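Chemist: let's see this in three dimensions:
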Amino acid sequence: MAQDTRGILTIPTPASLATSPKDSLRPYVTVVCGPRGSGKTDLVAERVGDGDFVWDYGEIQRTLFPRGDDGNAAKIMGDIKSAVFRHLLGAAVFTKAWLVVQAPGKAERQTYIDRLNAEIIVIEATAAYCADATPWGKSSQGAEVVRNEAIKWWSKYERVPGQEIVIPDV
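Modeler: Presented below is the predicted three-dimensional model:
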């Protein structure tokens, strides 16, 4: 099945679109959460199927704002997130969607459950793992940035019973 694959967003092309009745077109949504560098994108890559929609919030943000937040990033990314929600709640033309986000807080993950009826997978990777596992961690400055972001993520994280937990091998 043909797909437009750009690494940050995968949208099914017409050859891979579902042809089922409209009421069955609402996709099954899985939200993969974890700190930067925890392996969210890799986990989705291992599980994604032909015709699946993949939206990687962090990759999109880093692509749009390669030098960091210019003061507009939060609003623009919020608008993009709202558009993705509207699309997933509308007459989506695929059966499976993957959202890759950090979402450390229980309330944010609950929003995905409430609005999209999503399954949640949380990758509980340590700050040291995140710093060592990412390309950004190859320099000491990059490793410190990723480690600090992961520590911040952990300070906000709340485990919720019933959500799938993945703990990477160290």
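
Chemist: which strand or helix spans residue 54?
Modeler: Residue 54 belongs to strand 53-56 when assigned by DSSP states H and E.

Chemist: what strands line up against that strand, and which way round?
Modeler: strand 9-12 (antiparallel), strand 96-101 (parallel) (DSSP bridges).

Chemist: next structured bit after the shortest one?
Modeler: On the C-terminal side of strand 9-12, the nearest following helix or strand under DSSP H and E is strand 28-33.

Chemist: next one: the last one
Modeler: Past strand 96-101, further along toward the C-terminus, the next helix or strand under DSSP H and E is helix 106-116.

Chemist: now do the buried residues in that following helix.
Modeler: For helix 106-116, the neighbour count (16 or more other Cβ atoms under 10 Å) marks 109, 112, 113, 116 as buried. C-beta coordinates here come from the backbone N, C-alpha and C atoms, glycine included.

Chemist: elements contacting the helix or strand where residue 88 lies?
Modeler: Following DSSP H and E, one finds residue 88 within helix 73-89. Applying 3 or more Cβ pairs under 8 Å, 6 or more residues apart in numbering; DSSP states H and E, one finds that helix 73-89 contacts helix 57-64, helix 106-116.

Chemist: residues in contact with the first one?
Modeler: Under the contact criterion Cβ atoms under 8 Å, 6 or more residues apart in numbering, helix 57-64 has outside partners 7-9, 36, 40-41, 73, 76-77, 80-81, 99-102.
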